[in-house]
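Trainee: Provided below for reference: sequence and predicted model.
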Amino acid sequence: MKMNNISKKILAVGLASTIGFSAFMVTGVDAASASASNTAAQATATSKGTQVVNYGKTYMGTPYQFGASTSTTKVFDCSSFMKHIFKKYGVTLPRTAAAQSKVGKAVSKSNLKAGDLVFFSSGSRANGKNVTHVAVYMGNGKILHTYGKPGVTISDLNSGNWKKTYLKARRVL
């Protein structure tokens, strides 16, 4: 009876654990090591750019404040938000959107990947050529950023204001 319950629990854990358990049975590797291997493989399968985006999404709705301090997560401006979410993944960005637009390597709009920084000339300080806003590309034509009333939000890169004011993109990962 006890063995039957253990078998049911092993099956309930799912495919990843089953693979780990099989490795244990065949190779003698302990189940914890097999499970850790599986977790590492899954993390590797998720790109660092997607990890940055997913972390950034945990701040959805956080209010916008121009010139927000980089020592708080209660409010962000566009560049302090990018600085914060990339720092968690080992990328140190400068403080301003204009300075951030000069790091990494240039990437065309048609070759954007999740985690690429995208830059705009928008808002009251914009002249159509100067960088005044930064966002992170999420994939599928979407950007994660913060501005005005919505605070941290998701927008469509290829429509409205963001399409009209797009300047360039940089890859820092």
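Mentor: Done, it's in. Bear in mind that the values here come from a model prediction, so they are computed numbers and not experimental data.
Trainee: quick one, strands of this structure?
Mentor: Here the chain has its strands, by DSSP state E, at 105-106, 117-120, 133-139, 142-147, 151-156, 166-171.
Trainee: mind putting those into JSON lines with distance to R95?
Mentor: To be clear about C-beta, it is placed using only N, CA and C from the backbone, and glycine gets the same treatment. Listed next are those as JSON lines, based on distance: least, Cβ to Cβ, whole Å:
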{"stretch": "strand 105-106", "distance to R95": "20"}
{"stretch": "strand 117-120", "distance to R95": "14"}
{"stretch": "strand 133-139", "distance to R95": "11"}
{"stretch": "strand 142-147", "distance to R95": "15"}
{"stretch": "strand 151-156", "distance to R95": "18"}
{"stretch": "strand 166-171", "distance to R95": "16"}
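Trainee: quick one, which of those gets closest to P63.
Mentor: Of all those, strand 151-156 sits nearest to P63, with 4.5 Å by Cβ to Cβ.
Trainee: out of the strands of the chain, which is closest to M60?
Mentor: M60 lies closest to strand 151-156 among these, at 5.3 Å (Cβ to Cβ).
Trainee: contact partners of the closest one?
Mentor: In this structure, residues lying in contact with strand 151-156 by Cβ atoms under 8 Å, 6 or more residues apart in numbering are 56-57, 59-64, 76, 81, 135, 138, 141-147, 162-163.
Trainee: could you rerun that using 6 Å?
Mentor: 59-64, 141-144, 146, 162 (Cβ atoms under 6 Å, 6 or more residues apart in numbering).
Trainee: give me the buried subset of these.
Mentor: Those of those that meet the buried threshold are 59, 62, 64, 142-144, 146, 162, by 16 or more other Cβ atoms under 10 Å.
Trainee: just curious, which of those residues is nearest to L117?
Mentor: The closest of the buried ones among the contacts of strand 151-156, once distances to L117 are taken by Cβ to Cβ, is I143, at 9.8 Å.
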